[in-house]
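A.B. asks: Predicted model follows, preceded by the sequence.
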Amino acid sequence: MAFLINCPNCGRRNPYEFKFGSECKQAPEQGADMKAWCDYLFFHDNMPGFQDEWWYHTLGCGDWVKIKRNLATDEIIEE
Amino acid sequence: MAPSKKLLQYKQPEKSYDVVIIGGGLHGLATAYNLARYHGVKRIAVLERRYIGYGGSGRNTEMVRSNKRAHETLPFYKESLEMWDDLSAELEWNLMVQKKGIIALAHSDPELAAMRMMSDSQRRAGIKIEMLSPAEIKKKVPSIDISDKPALPIFGAQFHPEGGTVHHDAAVWGYAQGASRHGVDICVGVEVTGINIDAGKVTGVETNVGSIAAGKVHVAVGGYSSEIGRMIGMRFPVETYAMQVMTTDVMKPFLDYYVASPRLHFYTQQTLKGDLILGGPLDHWQSWNSYATWEESADRASRIVEYFPDLAHARVVRSWSGICDCTGDSAPIMGGCGIDGLSLDIAWGYYGFKSTPACGKYSAEYIVTDRMPDKIKHFGLDRFFTRQLVREVIL
């Protein structure tokens, strides 16, 4: 596979062990209008470049992992 | 040897056009063709940064069908499917349209019930659909295993006789030639780097070969719409996923139908050449990277072999992937985006290829009239703010 995900509990693992959880986004404040919620729910940055995203380690520890991955090259920056 | 005639002549873009179409894939070329042929628009350019048919147009699994669910989309897909019939004659180019029929397998009673329900909506839209028993499936596809051996045995199927295949490269060349014959400038190697907007109205595009003025700009960029979004300071409700396809070596003809399993997410057909094309689900994570992975190929192969045990000897000779822009409701985005003169034809996800003819027709109509035609009125970008999503299913 083109890249490995570094799970803090399990080490570097094949991405097929994970469930992709999409881009990390900031939910609107309580009381925000419907437009802000629609924007949060449906719209995505989706650019070729680095993105912070969630992955769920289904076949491992069962934890959510946050990584920074380049969507165009699958390069991962480990912090 | 007979002197070879050039199929079409690529052009260098001029300084100004009535309509500039970004993206030389099937949708862009079809829209250009329709504008030139049916609406008498004279000065049209199709700008393509790589080569025509580079993206999804040349990477799909060639399936055309209209067995969908949502009543908003069914008439559109039905019309598109019918339009393929006469297209070869119209474009004077053999698109190798072969309506061989699609068999969609069900692996449980609830699934069969859901399929019956879906079939009823399809029949109401005038689409021919039959339900098949396992014995009837076996009669159509003798090599399929209808026994209890597979982990998920076959309970029945939905048969869509009008579905089938069209050669995708032939479609690209057919539309490109058709457009070129009607005076459209097809410019390859021209990359759009910016869109010029003045007081809420589009005035042209910036490219790597200079700026081009345009009265209208149409975006038909397949899996790359977010890049256009960035140029005009907008985000679109899409995520980009890759989809992988693989083909086997050539075998003698044994499979007359397109066989699919919506539940197990595989579909296969034997091409006229004799190789099997195996398609599957989208990749499991967002990516702009088109690669083919061992895991995905192995997964697909194991599922096919379960139902076609004779294929155990087949070899995979080639695999590739293409990228798809997917919306949350698996329906596309067409029409305007709040900027005068800028129209969208994006986010087709899985369904871009089959919808090409109708999409070209209605995109052209929208560009000329600035009014959303009835058949695509549910596909507007504003549905994500009014929360009128299309109730479509992914299959």
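C.D. replies: Here it is on my side, so go on.

A.B. asks: Which pLDDT does the model give residue B:208?
C.D. replies: At residue B:208, the model reports a pLDDT of 97.

A.B. asks: what do you get for the one 4 residues further on?
C.D. replies: According to the per-residue confidence, residue B:212 scores 98 in pLDDT.

A.B. asks: helix/strand/coil for it?
C.D. replies: With DSSP: H, G, I helix; E, B strand; the rest coil as the basis, residue B:212 sits in strand.

A.B. asks: Residue B:140 is in contact with residue B:256, correct?
C.D. replies: Yes - in this structure, residue B:256 is within contact of residue B:140 by Cβ atoms under 8 Å, at 7.1 Å. Just so you know, the C-beta spots here come from the backbone N, C-alpha and C atoms, and that holds for glycine as well.

A.B. asks: who touches both of these two?
C.D. replies: Residues touching both residue B:256 and residue B:140 (Cβ atoms under 8 Å, 6 or more residues apart in numbering or on different chains): residue B:101.

A.B. asks: Quick one: end-to-end length of stretch B:243-258, please.
C.D. replies: End-to-end distance for stretch B:243-258, by Cα to Cα, to the nearest Å: 19 Å.

A.B. asks: List the buried residues of that stretch.
C.D. replies: Going by neighbour count (16 or more other Cβ atoms under 10 Å in any protein chain shown), the buried part of stretch B:243-258 is B:243-248, B:251, B:255, B:257-258.

A.B. asks: do it and chain A meet?
C.D. replies: No - residues of stretch B:243-258 contacting chain A under Cβ under 8 Å from any Cβ of the partner chain: none, with a closest distance of 12.4 Å.

A.B. asks: What strand or helix carries residue A:69?
C.D. replies: Element membership for residue A:69, per DSSP states H and E: strand A:64-70.

A.B. asks: what packs against that strand?
C.D. replies: The contact analysis (3 or more Cβ pairs under 8 Å, 6 or more residues apart in numbering or on different chains; DSSP states H and E) places strand A:64-70 against strand A:5-7, strand A:50-56, strand A:76-77.

A.B. asks: ok, now with 6 Å
C.D. replies: strand A:50-56, strand A:76-77 (3 or more Cβ pairs under 6 Å, 6 or more residues apart in numbering or on different chains; DSSP states H and E).

A.B. asks: Note down every partner strand of the longest one and its orientation.
C.D. replies: This means strand A:50-56. Looking at strand A:50-56 with DSSP bridges, its partner strands are strand A:19-23 (antiparallel), strand A:64-70 (antiparallel).

A.B. asks: Kindly reformat those as JSON lines containing mean neighbour count and mean pLDDT.
C.D. replies: What follows is the strands paired with strand A:50-56, written out as JSON lines (neighbours: other Cβ atoms under 10 Å in any protein chain shown; pLDDT from 0 to 100):
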{"stretch": "strand A:19-23", "mean neighbour count": "15", "mean pLDDT": "95"}
{"stretch": "strand A:64-70", "mean neighbour count": "17", "mean pLDDT": "95"}
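
A.B. asks: With residue B:197 as the reference, name the closest of those.
C.D. replies: With Cβ to Cβ, the closest approach to residue B:197 among the strands paired with strand A:50-56 belongs to strand A:19-23: 26.8 Å.

A.B. asks: Can you tell me what sits against that closest one?
C.D. replies: With Cβ atoms under 6 Å, 6 or more residues apart in numbering or on different chains as the test, strand A:19-23 has contacts from A:44, A:51, A:53-56, A:58, B:284-285.

A.B. asks: show me where pLDDT drops low in chain A?
C.D. replies: A:1 (pLDDT under 70).

A.B. asks: Report the central residue of it.
C.D. replies: The residue lying closest to the centre of chain A (Cα atoms, centre = their mean) is residue A:53, at 1.8 Å.

A.B. asks: for it, what are its contacts?
C.D. replies: Applying Cβ under 6 Å, 6+ apart, the residues contacting residue A:53 are residue A:23.

A.B. asks: So in terms of bridging, what pairs with it?
C.D. replies: Beta bridges link residue A:53 to residue A:23, residue A:67 when assigned by DSSP bridges.

A.B. asks: how close does it sit to residue A:47?
C.D. replies: Per Cβ to Cβ, to the nearest Å, residue A:53 is found 13 Å from residue A:47.

A.B. asks: My read is that residue B:205 contacts residue B:192, right?
C.D. replies: Yes - counting by Cβ atoms under 6 Å, residue B:205 touches residue B:192, with 4.9 Å between them.

A.B. asks: Name the nearest residue to residue B:94, sequence neighbours excluded.
C.D. replies: Of all residues not flanking residue B:94 in the chain, residue B:88 sits nearest, at 5.4 Å (Cβ to Cβ, 6 or more residues apart in numbering or on different chains).

A.B. asks: next SSE after the one helix or strand that neighbour maps to?
C.D. replies: Using DSSP H and E, residue B:88 sits in helix B:74-91. Going down the chain from helix B:74-91, the next helix or strand is strand B:102-106, by DSSP H and E.

A.B. asks: Next up, the contacts around residue B:43.
C.D. replies: B:17-18.

A.B. asks: swap the cut-off to 8 Å and go again
C.D. replies: Taking Cβ under 8 Å, 6+ apart as the criterion, residue B:43 is in contact with B:14, B:16-19.

A.B. asks: Can you sort out which of those also neighbour chain A?
C.D. replies: For chain A, no contacts are drawn from these by Cβ under 8 Å from any Cβ.

A.B. asks: picking up where we left off before, for the helix holding residue B:88, enumerate the helices and strands it packs against.
C.D. replies: Taking 3+ Cβ pairs under 8 Å, 6+ apart as the contact cut, helix B:74-91 packs with strand B:63-64, helix B:168-181, helix B:356-369.

A.B. asks: could you redo the ones you listed as JSON lines and give each row mean pLDDT and distance to residue B:55?
C.D. replies: Formatted as JSON lines, the helices and strands packed on helix B:74-91 follow (pLDDT from 0 to 100; distance: least, Cβ to Cβ, whole Å):
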{"stretch": "strand B:63-64", "mean pLDDT": "95", "distance to residue B:55": "17"}
{"stretch": "helix B:168-181", "mean pLDDT": "96", "distance to residue B:55": "10"}
{"stretch": "helix B:356-369", "mean pLDDT": "97", "distance to residue B:55": "13"}
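
A.B. asks: Mind putting these into TSV with mean neighbour count and distance to chain A?
C.D. replies: TSV is the format used below for the helices and strands packed on helix B:74-91 (neighbours: other Cβ atoms under 10 Å in any protein chain shown; distance: least, Cβ to the nearest Cβ, whole Å):
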stretch	mean neighbour count	distance to chain A
strand B:63-64	24	25
helix B:168-181	23	24
helix B:356-369	23	22
